[in-house]
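*Asks:* With the input below, show me the fold.
(one chain, ligands or ions: 1)
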Amino acid sequence: MDFSHVERNFKRLKYGEITLKEGLLSKEDTLHIFKISHWRDYLKLFYLASKVRDYFKKEIEITSTIHITNICKVNPKCLYCGFAAGTSKNGYYEPFRISNEDIKKSAIAIEKSGICRVSCSSAHGYEGREVLRALRIVKENTNLEVLVNAGGDLTKESIIKMKEYNIDCICCNLETTNIQLFKKIKPGENLEDRIEICRLVKKHGIELSSGLLLGVGESYGDRVNHLLFLKELGVDEIPIMGFNPYPGTPMENHPKCLPLEQGKTIAIVRLMFPNIRITSPTPTIGPELIQFALMGGANNIATVIPDNHPMNIKGVGNPKTGNLREVLKMIKELGLKAKLCNTSFK
Ligand code: SF4
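*Replies:* Below is the predicted model:
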């Protein structure tokens, strides 16, 4: 495949002849690149995407996690979910809601490890109160940047309250914008509710993170339409998550999304959205395979757990999470620099 016009577009972007919003790919280009299969095309794509990432992002961010509660009131449960209580023996399975003290201990441990950012997530059913509780405690006790994720379960009031507590970013993943597919894999939720939350977050001037769940039956055309929709919404961060089956769930026999497919999608997203945060959570790509995400131009590795984290954290999408030491080693081996907020690992 010929990528020379993409390289030309990158030069034009640097000279201000095209805008960041336009990005480096047309809709046709995007669809075309999704269909590459030859290794030479993958290498060229990764080379270009990394070059664009390195131009805009000098360091790789690392985001850790605190899970607040897995007691989810969505019914029926999402077909792929292994996080909510009772969904998969490989997940948490038993219901939990962590105490204020455990939130505080986890946040302090994360900050001590050098990580600068934490994601606090809760299951559905609290209108944002559970993540608001976590946000308040983390901000009172640390300087960590905070992303919260309560899925499609925030209200205007909880979003305004979060702004008062200096929230840095709110995540509401649409997973797929193919309405029939959304209904099939998330029968207890409405896509429109999630879109409304995304709009509210932007309306209140808060950073919006909204991602794609890959390999759940969507077509390449669906992915392109989804990405164009995120462009319209004005997202600030896109998490790219590959489906990984959890035993015991209705999708346990559905094939997992391969790391190369995730890397390719990340690279396409980088060329479409040259300067935003592109996130790869370690469980969804497989913690030992994050080099595919980094080569594809990701600049944030999420669900990274330091040795001193006091909780037994399991991943969303796969129970295995990334260990901080191993993630830092991988970043270094690729010649990249990790963003750390204290000196212990520098
Ligand atoms: S994916 Fe989220 S909303 Fe769906 S069942 Fe799991 S915890 Fe609940």
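*Asks:* near the ligand, which residues of the stretch 51-200 of the chain?
*Replies:* Residues of the stretch 51-200 of the chain lying near the ligand by C-beta under 6 Å from any ligand atom: 72, 74, 77-78, 81, 83-84, 123-124, 151. All C-beta spots, glycine's among them, are computed from the backbone N, C-alpha and C.
*Asks:* Can you tell me the element the residue lying closest to Cys116 once chain neighbours are set aside falls in?
*Replies:* Leaving aside its chain neighbours, Cys116 sits nearest to Cys341 (4.0 Å; criterion: C-beta to C-beta, 6 or more residues apart in numbering). Taking DSSP states H and E as the definition, one finds Cys341 inside no helix or strand.
*Asks:* how about the helices in the stretch 151-300 of the chain?
*Replies:* Using DSSP state H, counting those that start in this stretch, the helices of the stretch 151-300 of the chain run over 156-164, 179-185, 191-203, 220-233, 259-272, 282-285, 290-295.
*Asks:* Which of those has the lowest mean pLDDT?
*Replies:* Across these, helix 282-285 has the smallest mean pLDDT, namely a mean of 91.
*Asks:* burial measure for Ile103, as a count.
*Replies:* 22 (other C-beta atoms under 10 Å).
*Asks:* element containing the residue nearest to it when sequence neighbours are not counted?
*Replies:* Distances taken as C-beta to C-beta, 6+ apart put Ile137 closest to Ile103, at 4.6 Å, once the chain neighbours are dropped. Ile137 belongs to helix 129-141 when assigned by DSSP H and E.
*Asks:* Ok, Thr19 next?
*Replies:* Per DSSP H and E, there is no helix or strand for Thr19.
*Asks:* Surely Ala85 is in contact with Val74?
*Replies:* No. Distance between Ala85 and Val74: 11.5 Å, which falls outside the contact criterion (C-beta atoms under 8 Å).
*Asks:* distance of Glu145 from Glu237?
*Replies:* Distance, Glu145 to Glu237, by C-beta to C-beta, to the nearest Å: 11 Å.
*Asks:* quick one: which of the two has more around it?
*Replies:* Between Glu145 and Glu237, Glu237 has the larger neighbour count (other C-beta under 10 Å), namely 24 against 20.
*Asks:* I'd like to check which residues are in contact with Tyr55.
*Replies:* Applying C-beta atoms under 8 Å, 6 or more residues apart in numbering to Tyr55 gives the contacts 10, 14, 274.
*Asks:* now swap in Met251 and tell me
*Replies:* Contacts of Met251 by C-beta under 8 Å, 6+ apart are 79-80, 185, 216, 243, 245.
*Asks:* would you put the C-alpha positions of the longest helix along the chain in PDB?
*Replies:* Counting residues, the longest helix found in the chain (DSSP state H) is helix 39-56. Included here for helix 39-56 are C-alpha records, laid out as PDB according to Å, rounded to 0.1, in the frame of the first residue of the first chain:
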ATOM      1  CA  TRP A  39       3.500  -7.300   7.100                       C
ATOM      2  CA  ARG A  40       5.300  -4.600   5.000                       C
ATOM      3  CA  ASP A  41       2.200  -2.400   5.200                       C
ATOM      4  CA  TYR A  42       1.900  -3.000   9.000                       C
ATOM      5  CA  LEU A  43       5.500  -1.900   9.500                       C
ATOM      6  CA  LYS A  44       5.000   1.200   7.400                       C
ATOM      7  CA  LEU A  45       1.800   2.100   9.200                       C
ATOM      8  CA  PHE A  46       3.400   1.600  12.700                       C
ATOM      9  CA  TYR A  47       6.400   3.700  11.600                       C
ATOM     10  CA  LEU A  48       4.200   6.600  10.500                       C
ATOM     11  CA  ALA A  49       1.900   6.400  13.500                       C
ATOM     12  CA  SER A  50       4.900   6.300  15.900                       C
ATOM     13  CA  LYS A  51       6.400   9.300  14.200                       C
ATOM     14  CA  VAL A  52       3.200  11.300  14.600                       C
ATOM     15  CA  ARG A  53       2.900  10.300  18.300                       C
ATOM     16  CA  ASP A  54       6.500  11.200  19.000                       C
ATOM     17  CA  TYR A  55       6.000  14.600  17.300                       C
ATOM     18  CA  PHE A  56       3.100  15.500  19.600                       C
END
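*Asks:* and the angle for it with helix 259-272?
*Replies:* Orientation check (axes from the mean of the first three to the mean of the last three C-alpha atoms, to 10 degrees): helix 39-56 against helix 259-272 gives 50 degrees.
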